[in-house]
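In: pasting a predicted model and its sequence here:
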Amino acid sequence: MEQKINAKFEALYHTRGSVYASPGRINLIGEHTDYNGGFVFPGAVDKGIIAEIRPNGTDRVRAHALDLDESTEFGLREEDAPKESWARYIFGVCREIIKRGGKIGGFDTVFAGNVPLGAGMSSSAALESTFAFALNDLWKLDIDKFELAKIGQATEHNYCGVMCGIMDQFASVFGKAGSLIRLDCRSMEYKYFPFNPKGYKLVLLDSVVKHELASSAYNKRRESCERVVKAIRKHHAEIEFLRDASMEMLREVKDEVSAEDYMRAEYVIGEVQRVLDVCEALERGDYETVGEKMYETHHGMSKLYEVSCEELDFLNDIARKCGVTGSRVMGGGFGGCTINLVKDERYDNFVKTAFEEYKARFGHEPRLYNVVISDGSRKLHD
Ligand code: GLA
């Protein structure tokens, strides 16, 4: 991939630039908890975005997306926003840096990726982190790593219409080979957990479906949570996020919120606790409990939060049938992957069964990715 990027860069701009990379992510547990101030438990993967970049001495950006074979050009003022959705991620990162006082100029770039788009592994965060990291390095801006992640998140909010939490960008920037990271999204405290379960594999099964309107449904989930917090605050002024609320507090406002909002909050409050339970279980090496919690998350995401879909529920059922230790829909939902914790001896049968039955039911096979937990944003070379 890198060689193709180099060749294209040279062909388009007749020079060479510096090369940067940022990964996509998995999340063991803690879904839709980040924007509720709760815990998440992600790790970076060995797939991501690579970009070659070189300042060009002008105030314009020339960008080429190798996978789409599309080029565009834009300026750095708010009114210069490009039309192409892929370019808005780069433009957004530039704008968010400028808004924070960062002095950057125009540049030329070619980028490509091998994070599957729409698979729930956060290719967009990988793209944002690549450029936030690279521009910070090239213009020696001295922005700290948390702020780089926040620049990516703000790009989603202000230029891409997704009111996401911080998990994806955080994992992409802070990833560390062999470790998952538990992040407290309220205090932003984090801890690396070496993750190498002996006798188990962590695999993703990609449903290869991405349902329309995923981002507006995502934003609606967030609004539900915020409404419930408002209702609870009338009784408990100290509650800032759903993470601070208990099931008991939620029950108190049952008649003050809609049945739908209630279900959403019930899922989130349960999920915040599940992350902590999983961390404890991991410290004991108790993977059976980790797996059970993953199934509980799937159930909650499917029945209470309603962000699963037929294909993902089907993959989850197959996992159970094949004796897979843990399985659940990963990421925002509405398509993408299930993440599965599988005993070595069950792996072959699980993969074979999943491929056969999924194809028989939906007419195409799922895709399989073996997870390799890897490093975060970095410079590959000058
Ligand atoms: C998306 C968002 C994240 C997070 C997950 C769900 O990936 O970008 O911030 O909310 O969904 O856990």
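Out: On my side now, so go ahead.
In: who's in contact with the spatially closest residue to G199 that is not a sequence neighbour?
Out: On the basis of Cβ to Cβ, 6 or more residues apart in numbering, the spatially nearest residue to G199 that is not a chain neighbour turns out to be D344, at 5.5 Å. The way it works is simple: take the backbone N, C-alpha and C, and place the C-beta from them, glycine included. For D344, the contacting residues are G199, Y200, K201, taking Cβ atoms under 8 Å, 6 or more residues apart in numbering as the criterion.
In: go again using 10 Å as the cut-off
Out: For D344, the contacting residues are P197, K198, G199, Y200, K201, by Cβ atoms under 10 Å, 6 or more residues apart in numbering.
In: try K234
Out: With Cβ under 10 Å, 6+ apart as the criterion, the residues that contact K234 are E252, V253, E256.
In: residue numbers of this structure in contact with the ligand?
Out: E31, H32, D34, Y35, S122, C164, G165, M167, D168, G331, G332 (Cβ under 6 Å from any ligand atom).
In: go through these and say which is closest to V45.
Out: Checking these against V45 with Cβ to Cβ, the nearest one is S122 at 9.3 Å.
In: so where's the stretch 201-350 of the chain shaky on pLDDT?
Out: Applying pLDDT under 70 to the stretch 201-350 of the chain flags residues 212-213.
In: all the strands of it, residue numbers only.
Out: Listed in chain order, the strands found in the stretch 201-350 of the chain under DSSP state E, counting those that start in this stretch are 326-329, 335-343.
In: okay, those strands, which one's buried deepest?
Out: Neighbour counts averaged per stretch over these are highest for strand 326-329, at a mean of 28; criterion: mean count of other Cβ atoms under 10 Å.
In: do a quick rundown of the helices in the stretch 151-300 of the chain.
Out: Along the stretch 151-300 of the chain, the stretches classed as helices by DSSP state H, counting those that start in this stretch are 167-174, 214-233, 247-252, 259-284, 287-303.
In: which other helices and strands contact the shortest one?
Out: So that's helix 247-252. With contacts defined as 3 or more Cβ pairs under 10 Å, 6 or more residues apart in numbering; DSSP states H and E, the secondary structure elements packing on helix 247-252 are helix 214-233, helix 259-284.
In: swap in 7 Å and give it another go.
Out: The criterion is 3 or more Cβ pairs under 7 Å, 6 or more residues apart in numbering; DSSP states H and E, and the helices and strands that helix 247-252 contacts are helix 259-284.
In: show me what counts as buried in the helix it packs on.
Out: 261-276, 278-279, 281-282 (16 or more other Cβ atoms under 10 Å).
In: for the contacts of D344, work out which two are farthest apart.
Out: Spanning the widest gap among the contacts of D344 are K198 and K201, at 10.7 Å by Cβ to Cβ.
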